[in-house]
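In: coordinates for the following, if possible.
(4 chains)
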Protein chains: 2
Amino acid sequence: MAVTVKNVALHAGVSTATVSRVLNDDPGIRPATRSRVIESIKITGYRMNKAARSLKTSRTGTVGLLVPELVNDFFMTVAEGVEDILRTEGYGVILCNANEDVRYEADRISLLIEQCVDGVIIIPTSSEGSHFSSLSDAGIPVVMVDRMVNGFKADAVLADNINGAYSAMQNLISTGCRRFGFIGGSQELSNFRERFEGFKRALSDYGIPVEKDIIKFGNVHIDSGYNLMKELMSEANPPENVFIANYFLQVGATKFLIENSSAKTASIHIAGFDDMSLSSILGFSSITVSQPMMEMGRKAAEMLLERIEEQSALASAPPPPRLVRLKTTLIKH
Amino acid sequence: MAVTVKNVALHAGVSTATVSRVLNDDPGIRPATRSRVIESIKITGYRMNKAARSLKTSRTGTVGLLVPELVNDFFMTVAEGVEDILRTEGYGVILCNANEDVRYEADRISLLIEQCVDGVIIIPTSSEGSHFSSLSDAGIPVVMVDRMVNGFKADAVLADNINGAYSAMQNLISTGCRRFGFIGGSQELSNFRERFEGFKRALSDYGIPVEKDIIKFGNVHIDSGYNLMKELMSEANPPENVFIANYFLQVGATKFLIENSSAKTASIHIAGFDDMSLSSILGFSSITVSQPMMEMGRKAAEMLLERIEEQSALASAPPPPRLVRLKTTLIKH
DNA sequence: CCTCTGCTTGTAATCGATTACAGAAGTATA
DNA sequence: TATACTTCTGTAATCGATTACAAGCAGAGG
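Out: Numbers count the residues shown, from 1 in each chain, chains lettered A, B, ... in the order given. Predicted coordinates:
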């Protein structure tokens, strides 16, 4: 049925070894022979069976990308960055959805190991990372993006959350704001911890007190943003400026403000995180900390490729985990 | 390095054939032998090398999912539906990004064929589908979602776009609206053609004239929505009701209205397509046609699995392409 | 004319799991 | 106990590509 190297070899009047060498750009092939083989490949319509190659080389040319959810512009922009780099290297990306659930996450990792992926890029669902160790046990390199986890050491690409939040606050403070509410995601997750850290540090540096009543934590979803803004607005003395540590929380918070507009809500200003295609029309927003999402994905893919190279190069002691922080930028609306 | 069936066989004191039979749930194995093998599998920590199995069985347990772009809630919701079904059957999903470019699309198809996927689900980027035939040439089943293409026959899962658009119009007309603008995507794409068809049919059925000046076509992106709404508002006599055939166009159009608010824009009402997490806070919107996105993905996955079964069952004439239309629902804001 | 070196190419083993076929072991019956 | 069936298990070929090793071949130098 399918055309194999054998067919090509027959057609070109050479051996399968020669065909294989042409396919792998082996330099020790006479140009005349090479072009004859290439011609035969075209004519026969040969397509390599990667399963066979994988069996022999124990490299599959696929990497896994495990994200907490698919319907999420942040994760998917990272994914585009990953794909962008890996495509050019001829890798396929197996995208797995952890469904915001550590058990699903562990399950998908099993799948990826069985599929013999050459490496895995993970945006962790939770702070728990011990189930990732089966990957390193199987000798599969891992790069984490956006969040760190406990109980597992690996390369990571993170945004500079602390300074991102800090500079946004600094900017607002310089325009005269003196009282700030905060809406953030779970402090279990490293990225949200860091953003809160940047927030607090700015207040502290400018001598502004932290008011516990107007600091709210939830999860990372629209509903949570809605509810936390509602809570905030129900406080005895709600703030006029609110730092919201995540795009989806901001969407939810905005939704509440739109649905419950009043004199009190009219004067609200929001500083947010992540510049998405809809950020500019959300309203209430004065400033946004933009993470280099695509770049984070690209960088992660590059680091993973390096690791894969290292690994096949030689089996000496692997270098220690590398940590990359990418700078955020401030966007004013 | 890695544990193979050979190791397991040695450990259990049986042949590799027996181990393989246990792995594949072959019923003709004495229970005592089976449990001994299972025990050995656990003790040795055996994990199957799927590349080897694929080589022999020419089934990889992976399917390809090819979408025009990743950062798109519609496509990704479909993808979640696909993943949801395939996960439970033990399949891995190789997600490919066609980057809105037919050449990329063709390139990714090559990759998928080389990766020996068992089937492919495609949301086509354009109306051109002749490059999909290499899939059927390779004996790989294909299911298309959301859009039909020219020059290639395959199973398809589509939304009932005509009736969706029609019923939204009907609803608006019943509230007294009598003049409608239209903003839509390229009429090359079947889904947009159908939505326009539903729009026209409603006008015709209720005796409302089609006014060419207030009917605008562009691509499917935010920018396009922005520009088309701008054009519409610059017309001598702009309409108060606008049917916008796509979520992203609606976002762009809304953006224009927000940035250019005036007495004229204040009275605009928009009927849109696709109920996304942000639809409810866009403003201007009166009604939305909601496609069952997740369900479309699930259905496509189920159809693909059926085709894969059929194929391995026997090589008789394959049944003709199946077309499934899923109903839309109306959502009022 | 012969040998040696260096460049190309071919032969054949190999990766790990599956499976047709054959053979062994077990069961039932006479 | 012998015979005829089942039922279970092992042997060995196989999938398609890679690659160590060997062999062929040309030209240089003696």
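In: am I right that A:Pro141 is in contact with A:Glu309?
Out: No - no contact is recorded between A:Pro141 and A:Glu309 when judged using CB atoms under 8 Å, the distance being 9.7 Å. C-beta coordinates here come from the backbone N, C-alpha and C atoms, glycine included.
In: compare those two (neighbour count), which wins?
Out: A:Pro141 (24 against 10; other CB atoms under 10 Å in any protein chain shown).
In: how about that one, nearest residue that isn't a chain neighbour?
Out: Of all residues not flanking A:Pro141 in the chain, A:Arg307 sits nearest, at 3.6 Å (CB to CB, 6 or more residues apart in numbering or on different chains).
In: pretty sure that neighbour belongs to a helix, no?
Out: Yes - assessed with DSSP: H, G, I helix; E, B strand; the rest coil, A:Arg307 lies in a helix.
In: distance check, it against DNA strand D.
Out: Between A:Arg307 and DNA strand D the computed distance is 19 Å (CB to the nearest atom of the strand, to the nearest Å).
In: tell me the contacts of that residue?
Out: A:Gly119, A:Pro141, A:Val143, A:Asp155, A:Pro318 (CB atoms under 8 Å, 6 or more residues apart in numbering or on different chains).
In: any idea what sits nearest A:Gly45, other than its immediate chain neighbours?
Out: A:Val3 (5.9 Å).
In: what about the one you found, how many neighbours?
Out: 17.
In: and if you look at A:His131?
Out: A:His131 has 17 nearby residues by other CB under 10 Å.
In: swap in A:Ala9?
Out: 18.
In: what about the stretch 1-150 of chain A, any weak spots by pLDDT?
Out: Applying pLDDT under 70 to the stretch 1-150 of chain A flags the ranges A:1.
In: can you show me the helices along chain A?
Out: With DSSP state H as the criterion, chain A has helices at A:5-12, A:16-23, A:31-44, A:50-57, A:73-88, A:102-114, A:133-137, A:161-174, A:190-205, A:222-234, A:247-259, A:263-266, A:293-313.
In: need those helices in a markdown table with distance to B:Glu211, can you?
Out: Converted to a markdown table, those look like this (distance: least, CB to CB, whole Å):
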| stretch | distance to B:Glu211 |
| --- | --- |
| helix A:5-12 | 61 |
| helix A:16-23 | 60 |
| helix A:31-44 | 54 |
| helix A:50-57 | 56 |
| helix A:73-88 | 36 |
| helix A:102-114 | 51 |
| helix A:133-137 | 61 |
| helix A:161-174 | 47 |
| helix A:190-205 | 51 |
| helix A:222-234 | 38 |
| helix A:247-259 | 32 |
| helix A:263-266 | 38 |
| helix A:293-313 | 42 |
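In: A:Ser267: which of the contacts of A:Arg307 is nearest?
Out: Nearest to A:Ser267, judged by CB to CB, of the contacts of A:Arg307 is A:Val143 at 43.8 Å.
In: for A:Lys216, see how far away A:Tyr226 is.
Out: From A:Tyr226 across to A:Lys216, the span is 12 Å (CB to CB, to the nearest Å).
In: those two: which is more packed in?
Out: Taking neighbours as other CB under 10 Å, A:Tyr226 and A:Lys216 compare with A:Lys216 leading, 23 against 20.
In: pretty sure the more buried one contacts A:Gln187?
Out: No - assessed by CB under 8 Å, A:Lys216 is found out of contact with A:Gln187, at 11.5 Å.
In: so how many other residues sit close to A:Ile29?
Out: Neighbours of A:Ile29 using other CB under 10 Å come to 16.
In: measure it to B:Thr329 for me?
Out: Remark: distance between A:Ile29 and B:Thr329 (CB to CB) = 62 Å.
In: repeat that for A:Glu69.
Out: From A:Glu69 to B:Thr329 the distance is 23 Å (CB to CB).
In: if you count what's nearby, which of the two comes out ahead?
Out: Higher neighbour count among A:Glu69 and B:Thr329: A:Glu69, with 19 against 12, using other CB under 10 Å.
In: find the nearest non-adjacent residue to that one, please.
Out: A:Glu100 (5.9 Å).
In: so the one you found makes contact with A:Val71?
Out: No - in this structure, A:Glu100 is not within contact of A:Val71 by CB under 8 Å, at 11.1 Å.
In: what is in contact with the two at once?
Out: With CB under 8 Å, 6+ apart, A:Glu100 and A:Val71 have no common neighbours.
In: please say which of those two ends up with more neighbours.
Out: For the pair A:Glu100 and A:Val71, the greater number of neighbours falls to A:Val71 (20 against 16), based on other CB under 10 Å.
In: ok, now which ones touch the closest residue to the more buried one other than its chain neighbours?
Out: Leaving aside its sequence neighbours, A:Val71 sits nearest to B:Met76 (CB to CB, 6+ apart; 4.6 Å). For B:Met76, the contact set (CB under 8 Å, 6+ apart) comprises A:Leu70, A:Val71, A:Asn72, A:Met76, B:Val67, B:Leu70.
In: one more time with 7 Å, if that's ok
Out: A:Leu70, A:Val71, A:Met76 (CB atoms under 7 Å, 6 or more residues apart in numbering or on different chains).
In: repeat that for A:Thr62.
Out: A:Tyr91, A:Gly92, A:Ile94, A:Gln115, A:Val117, A:Asp118, B:Gln115.
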